[in-house]
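S.K.: Quick one, fold the following:
(one chain, ligands or ions: 2)
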Amino acid sequence: MNDQTTDPMDAPTGTPDPQVFVDYLGRTRWFGGKGRPFAVTGVRRVGLVPGSVPGGPVVLLCLAEVTYDDVGDEAADKVEHYQVPLALYPESQQRLEHALVATWDDPGAGRVHGYDALHDREAMACWLRSFDRAAGEPGGNLVDEASSLAFHRLPGHDLDLESHSTLFSGEQSNSSVAFGEDALMKVFRKVTPGVNPDVQVHEVLSRVGSPDVAALYGWLDWVDPEQRTGDHHDADDPDDTGGGVMQLAMLQQFLRTASDGWDLALSSVRDLFRQPELHASEAGGDFAGEATRLGRTLREVHLLMAEHFPTATVRGADLADTMAGRLPAALSAAPGLEEHRESLEALFARVRALGEVPVTRIHGDLHLGQTLRTALGWKIVDFEGEPAKPLAERLLPDSPWRDVAGMLRSFDYAPRVVERTWAEDDPEGADVRARKAAEWANRSKNHFLYAYADGDIGDEQRTLLDAYVADKAVYETVYETRNRPTWVDIPLQAVAEIGAP
Ligand SMILES: Nc1ncnc2c1ncn2[C@@H]1O[C@H](COP(=O)(O)OP(=O)(O)O)[C@@H](O)[C@H]1O
Ligand SMILES: O=P(O)(O)O[C@H]1O[C@H](CO)[C@@H](O[C@H]2O[C@H](CO)[C@@H](O)[C@H](O)[C@H]2O)[C@H](O)[C@H]1O
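M.R.: Numbers count the residues shown, from 1 in each chain. Ligands and ions are numbered 1, 2, ... in the order given. Model (predicted):
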């Protein structure tokens, strides 16, 4: 074993055997196809990341093509592409053994050892150097002709090139790496051609100086030579989804003082459960102030998105059809919904009468886990939308009430999730805690909503909001059935309460 690369490597020209990715994908947190029968049917070579230094790794970007066996030949979700950047060394690297993807004999470089580059500081330093160099190029764009990789930078921040990278370890669908306390790079794992909504929204909000998101520092594009249309991608045009452009990563401000909104909510509920004799407004666990600030933050974000993205209207009837149209698939995935079918259909039918409903770009998958409380206020993260939806659908305008509904559902989840573990130690106090849980949830929801709406909301908006809450609870019932079956009662109870006074 040798952790030193003594000789510089010749440029590799090959890719590892697709078969090695089957095992590797199955071991990662971010692979979305776990539990489904799949094959890796190809490995696309994107190219080498510029910025390698003598003695360091060569960084090769690969796309693993995953084909699922559980859908018909025509199904749009039969094939997915996952980005796997590899740090290549001529010798084995003991410190990276846990991240070994493959060793192979490369036609250009001889024997190579390929590690998942996100785990390797030396490899991450290559990306950071490339982002840094982009700032000095015209328009902040560094285009590497050999690989068709394009690093883009927004002006206003000098990167700390001395910082070391640390890979985040949470349950993520992508991989995030912090560079010291300076910057955070998110490497998108499941990639599709077109603009990534997270990059797009962060770019627009950062350019107008929004205090409600982490500032975007840059992003990485790849112009797929096989798909290139000759059109020029205009990064300033939110409608331009880019001919053949695939967005691979984004670099943004690291929020040094951030605490996760979901974790804060859980602690707040625990404080209240510890002092059940107090009202939620008196207990250390009062979340109303935070909920108010969060409501104002979301309002600000929505106003900016409505100002800087296209707006339109959709007919209430079309919206009702969409919501009702999702029901049959949900009912078959989660049969527990069946007894609530009528009340759901009755609620969606009320949306039909609403006339024209304003729509614009929204977050699309908002819950407390997508919020961070910093010393300077709340920030909203991860504008990718629901990962299970096709990209084109995630870019479509929708009603801001969908995001509000997502947050209301989260305020409902938090006390119920705490109760699940609390009850194991103290089954006796369940009734009191149920009352406290409802108090906490209602108080948080009311304060959030009042701040968001800047006052009370009208009857039509209430109907729309109720429908979005129900639509989300139906989605969650399916999500929990598939992912956390023991939690399914949480959203099912919300569905059962539809139409209750
Ligand atoms: N700018 C930031 N600074 C610090 N932490 C962040 C920042 N943005 C996101 N995070 C945290 O990083 C993790 C992953 O972020 P997220 O955008 O939700 O990734 P994913 O798309 O993989 O779900 C979350 O725990 C989130 O709270
Ligand atoms: O963050 P993701 O985009 O992966 O969202 C999915 O997973 C969420 C769970 O982490 C899920 O959120 C649901 O559970 C949360 C508590 O864990 C709760 O706060 C949310 O209100 C509830 O919807 C989300 O629905 C799903 O799309």
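S.K.: Would you mark the buried spots in stretch 312-321?
M.R.: Within stretch 312-321, the residues that count as buried by 16 or more other C-beta atoms under 10 Å are Val314, Gly316, Leu319, Ala320. C-beta coordinates here come from the backbone N, C-alpha and C atoms, glycine included.
S.K.: Please flag which of the residues you listed sit within strands.
M.R.: Taking DSSP state E, the ones among these that sit in strands are Val314.
S.K.: I'd like the buried residues of stretch 312-321 as JSON lines, with pLDDT and distance to Val187 appended.
M.R.: Output for the buried residues of stretch 312-321, formatted as JSON lines (pLDDT from 0 to 100; distance: C-beta to C-beta, whole Å):
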{"residue": "Val314", "pLDDT": "97", "distance to Val187": "34"}
{"residue": "Gly316", "pLDDT": "96", "distance to Val187": "40"}
{"residue": "Leu319", "pLDDT": "96", "distance to Val187": "35"}
{"residue": "Ala320", "pLDDT": "96", "distance to Val187": "39"}
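S.K.: helix/strand/coil for Ala280?
M.R.: At Ala280, secondary structure determined by DSSP: H, G, I helix; E, B strand; the rest coil is coil.
S.K.: so it makes contact with Leu272?
M.R.: Yes: between Ala280 and Leu272 there is a contact under C-beta atoms under 8 Å: 5.8 Å.
S.K.: Around ligand 2, which positions in the chain sit nearby?
M.R.: Within the chain, the positions near ligand 2 by C-beta under 6 Å from any ligand atom are 173, 262, 365, 367-369, 386-387, 409-410, 413, 476, 479.
S.K.: Generate a ChimeraX selection restricted to the buried subset of those.
M.R.: Of the residues of the chain next to ligand 2, the buried ones go into a single ChimeraX selection, burial set by 16+ other C-beta under 10 Å:
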select :262,365,367,368,369,409,410,413,476,479
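S.K.: Tell me the one among the residues of the chain next to ligand 2 nearest to ligand 1.
M.R.: For these, the residue nearest ligand 1 by C-beta to the nearest ligand atom is Ser173; the value is 4.6 Å.
S.K.: Phi, psi for the closest one please.
M.R.: Main-chain dihedrals, Ser173, degrees, to the nearest 10: phi -90, psi -10.
S.K.: now the one 4 residues further on
M.R.: With angles defined as degrees, to the nearest 10, Val177 sits at phi -130, psi 130.
S.K.: Would you confirm that it contacts His164?
M.R.: No: the criterion here is C-beta under 8 Å, and Val177 misses it with His164 at 10.0 Å.
S.K.: More neighbours: which of the two?
M.R.: Shown here are Val177 and His164; by other C-beta atoms under 10 Å, Val177 has more neighbours (23 against 11).
S.K.: hang on, the earlier thing: what touches both of Ala280 and Leu272?
M.R.: Asp286, Lys436, Glu439, Trp440 (C-beta atoms under 8 Å, 6 or more residues apart in numbering).
S.K.: Which one of those sits in the busiest neighbourhood?
M.R.: Result: Trp440 is most packed of the shared contacts of Ala280 and Leu272 (other C-beta under 10 Å), 29 neighbours.
S.K.: How about the contacts made by that one?
M.R.: Ser268, Val269, Leu272, Ala280, Gly285, Phe287, Ala414, Pro415.
S.K.: Doesn't it lie inside a strand?
M.R.: No: using three-state DSSP, the assignment for Trp440 is helix, not a strand.
S.K.: how is this structure carved up into domains?
M.R.: Annotated domains of the chain cover 19-117, 127-253, 259-496 [automatic domain parsing].
S.K.: could the ones you listed go into a markdown table alongside distance to ligand 1?
M.R.: Output for the domains of the chain, formatted as a markdown table (distance: least, C-beta to the nearest ligand atom, whole Å):
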| stretch | distance to ligand 1 |
| --- | --- |
| domain 19-117 | 7 |
| domain 127-253 | 3 |
| domain 259-496 | 3 |
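S.K.: export those to a markdown table and tack on distance to Ala11?
M.R.: Converted to a markdown table, those look like this (distance: least, C-beta to C-beta, whole Å):
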| stretch | distance to Ala11 |
| --- | --- |
| domain 19-117 | 5 |
| domain 127-253 | 9 |
| domain 259-496 | 33 |
